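Participant: let me see the structure of the following:
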Amino acid sequence: MIKRTFRQLAFLTAFVCIQGGLSLNLYAQNESIRASLPANATLEDLIGYALKHQGRIQQALIDEEIGEREIASALSGWFPQISASANYNRNIVSPTTGIGDLAIPIGQINSGALVLQANQQLLNPALMQASRAAASIRERNALQTGQTEINTIIAVSKAFYDILTSHEQTSIIRENIARIQKQLNDATARYDTGLVDKTDFKRAQISLSNSRADLKRIEELLTYKYANLKELIGMNAEQQLALAYDYQTMEQEILLDTTERVDYRNRVEYQQLQTLKRLQEINTQYNKWTFLPNLSASYNYAWDFRHDQFSQLYRQSYPRSVFGLNLSLPIFQGTKRMQEIRKSRLQEDRLDWDLHLLQQSIDTEYQGALAVYKANLNDWKTSRENVALAGEVYDVIKLQYNEGIKTYLDLMMAETELRTTQLNYLNALNALLSVKLDAQKALGKIKR
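Facilitator: Numbers count the residues shown, from 1 in each chain. Presented below is the predicted three-dimensional model:
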């Protein structure tokens, strides 16, 4: 039993390797991952699949593409704007002009024109703002996608660890059921021979029923947990999903450098606020640019048509062409521009406070995750020691029970303690891995 306990400890400890084996680059999207997962998917496979198929990530990528189209639309104003127009007019009453005492009709009854017009913006504050803001808008959209990817990585990792924990719980309970079944057989045989009363095998029956109920509950929950993981990675519910486990990474890879200091620049939320600050500064500059004039150039070429008879209207054209410069200078707008500049500067100041408050929030988040990590690490170490001790106690009491020294109640209590310590170890390990992810997120160490 002691050998089995230590083998189980080694197995459980090796479970930690999945977390330790995830270097910062593990979270990067792997372009070589196929459209379907391998037969036994590792956590790296699941993360790579999720980064390609998860619905929220796909929406974020579409939002990025929409942003590109919006940028292109805004900048299109710098290109020449070319249009064509045509018109036809019929003079019901022809206009006249006075020559002496005579009113002389002018123009023809029918007239028309075909005009090609080209306009080119040369100086335009709104277009200048769009040009300067394009890079920051792209960065903002990319950061939003990055935040979605980071959240997906964490959610997939935690769901993966939870399934691993549940699988090992089923293994522990199955071994527990096997032990209790043997105890039940032994107690029944002793009762049949008159060595003990029926309370021993009745207790064994109760314990066996409870263990089977626990096993059924965990197996049912596993069905849900697999469905949840499929949703997180963007896999259809009807697709098969099998997980692979790597047991060869060293135990110390669960450790987190608790002396590392927070670098706010690594957090995507901080980068997002910095990008918003740059966009707000560009907006302030735009409000200053509104004092500049709008300058544009235009050119048109037209064909005029006129004749008293409609059937003859388009037989001959009279071309004309014009090139011009247009200058518009808003002189006074009731202090609106000055107020907009002041408002934009105040919004910059508010974003400075947002950055300051975020720094405080990140510090608190990291300290909280670090405190929980240290507590969970101690729980994990204690649970690991308790599993070994409980295994030794069970082996001794089992021998003493077989020799008739201990009662079945003592054996049942030792069995319960062993199973409880094993499950506590698993829960402590799962909690440790989860909070390590939270601490890495607080440090900004989880990258897409």
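
Participant: in the protein, where is pLDDT below threshold?
Facilitator: In the predicted model, the chain carries pLDDT under 70 at residues 1-35, 191, 194-197, 246-253, 448.

Participant: SS state for residue 238?
Facilitator: Following DSSP: H, G, I helix; E, B strand; the rest coil, we place residue 238 in the coil state.

Participant: number of residues surrounding it?
Facilitator: Neighbour count for residue 238, taken as other CB atoms under 10 Å: 6. All C-beta spots, glycine's among them, are computed from the backbone N, C-alpha and C.

Participant: strands of the stretch 101-250 of the chain, residue ranges please.
Facilitator: With DSSP state E, counting those that start in this stretch as the criterion, the stretch 101-250 of the chain has strands at 102-105, 110-123.

Participant: which of those is buried the deepest?
Facilitator: Comparing the strands of the stretch 101-250 of the chain by mean neighbour count (mean count of other CB atoms under 10 Å), strand 110-123 comes out on top with a mean of 16.

Participant: keeping just the C-alphas, turn it into CSV.
Facilitator: Extracted in CSV, the C-alpha atoms of strand 110-123 (Å, rounded to 0.1, in the frame of the first residue of the first chain):
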residue,chain,number,x,y,z
ASN,A,110,-34.1,73.3,-74.5
SER,A,111,-30.8,73.1,-72.7
GLY,A,112,-28.7,70.4,-71.0
ALA,A,113,-25.2,69.7,-69.7
LEU,A,114,-22.9,66.8,-68.8
VAL,A,115,-20.4,67.7,-66.1
LEU,A,116,-17.3,65.8,-64.7
GLN,A,117,-16.2,67.2,-61.4
ALA,A,118,-13.0,66.4,-59.4
ASN,A,119,-12.2,67.8,-55.9
GLN,A,120,-9.0,67.3,-54.0
GLN,A,121,-8.5,68.2,-50.3
LEU,A,122,-5.3,70.0,-49.6
LEU,A,123,-5.7,71.1,-46.0
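
Participant: parallel or antiparallel, list what pairs with it.
Facilitator: Strand pairing for strand 110-123, using DSSP bridges, gives strand 81-90 (antiparallel), strand 294-307 (antiparallel).

Participant: can you list contacts of that strand?
Facilitator: Here strand 110-123 makes contact (CB atoms under 8 Å, 6 or more residues apart in numbering) with 77-78, 80-91, 127, 292-310, 313-314.

Participant: stretch 265-272 too?
Facilitator: Stretch 265-272 has contacts (CB under 8 Å, 6+ apart) with 139-140, 143-144, 146-147, 150, 264, 355, 358-359, 362, 443-445.

Participant: let's go with 10 Å and repeat that
Facilitator: 139-140, 142-151, 263-264, 273-274, 354-355, 358-359, 361-362, 365-366, 441-448 (CB atoms under 10 Å, 6 or more residues apart in numbering).

Participant: make a markdown table out of the strands of the stretch 101-250 of the chain and add distance to residue 432.
Facilitator: Below are the strands of the stretch 101-250 of the chain laid out as a markdown table (distance: least, CB to CB, whole Å):
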| stretch | distance to residue 432 |
| --- | --- |
| strand 102-105 | 99 |
| strand 110-123 | 61 |
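
Participant: just so I know, which of those strands lies nearest residue 331?
Facilitator: When the strands of the stretch 101-250 of the chain are compared by CB to CB, strand 110-123 sits nearest residue 331, at 16.4 Å.

Participant: quick check: residue 359 touching residue 262?
Facilitator: Yes: Residue 359 is within contact range of residue 262, at 8.4 Å (criterion: CB atoms under 10 Å).

Participant: please identify the deepest-packed of the strands paired with strand 110-123.
Facilitator: Burial of those is given as mean neighbour count (mean count of other CB under 10 Å); strand 294-307 ranks first at a mean of 16.

Participant: so how far is residue 257 from the nearest residue to residue 158 once chain neighbours are set aside?
Facilitator: Distance criterion CB to CB, 6 or more residues apart in numbering; nearest residue to residue 158, sequence neighbours excluded, is residue 434 at 5.3 Å. Residue 434 sits 18 Å away from residue 257, going by CB to CB, to the nearest Å.

Participant: neighbour-wise, which of these two wins?
Facilitator: Each of residue 434 and residue 257 has its neighbours counted (other CB under 10 Å); residue 434 has more, 18 against 9.

Participant: just the element for the more buried one, please.
Facilitator: Assigned by DSSP states H and E, residue 434 belongs to helix 408-443.

Participant: give the buried residues for that helix.
Facilitator: Under the neighbour-count criterion of 16 or more other CB atoms under 10 Å, helix 408-443 has 408, 411-412, 414-415, 417-419, 421-443 buried.

Participant: mind checking how far the nearest residue to residue 260 once chain neighbours are set aside is from residue 272?
Facilitator: Spatial nearest neighbour of residue 260, chain neighbours left out: residue 443 (6.3 Å); criterion: CB to CB, 6+ apart. Applying CB to CB, the value for residue 443 to residue 272 is 17 Å.

Participant: quick revisit: so which elements touch the helix holding residue 434?
Facilitator: Here helix 408-443 touches helix 2-14, helix 17-20, helix 125-192, helix 199-233, helix 336-402, going by 3 or more CB pairs under 10 Å, 6 or more residues apart in numbering; DSSP states H and E.

Participant: what sits against the nearest residue to residue 441 once chain neighbours are set aside?
Facilitator: Leaving aside its sequence neighbours, residue 441 sits nearest to residue 154 (CB to CB, 6+ apart; 6.1 Å). If a contact means CB under 10 Å, 6+ apart, then residue 154 has 27, 47, 434, 437, 438, 440, 441, 446 as its contacts.

Participant: so what touches stretch 314-334?
Facilitator: 88, 110, 112-119, 121-124, 290-307, 309, 336-337, 339-340.

Participant: again, only this time at 6 Å
Facilitator: Contacts with stretch 314-334, where a contact means CB atoms under 6 Å, 6 or more residues apart in numbering, come from 293-305.

Participant: among these, which one sits closest to residue 189?
Facilitator: Closest to residue 189 out of those is residue 294 (101.4 Å), distances taken as CB to CB.

Participant: run through the bridge partners of the closest one.
Facilitator: If you apply DSSP bridges, the partners that residue 294 bridges to are residue 328.

Participant: what of residue 103?
Facilitator: Here residue 103 shows beta-bridge partners residue 98, assigned using DSSP bridges.

Participant: distance of the residue nearest to residue 158 relative to residue 426?
Facilitator: Distance from residue 434 to residue 426, by CB to CB: 13 Å.

Participant: next: residue 410.
Facilitator: Here the distance between residue 410 and residue 426 works out to 25 Å (CB to CB).
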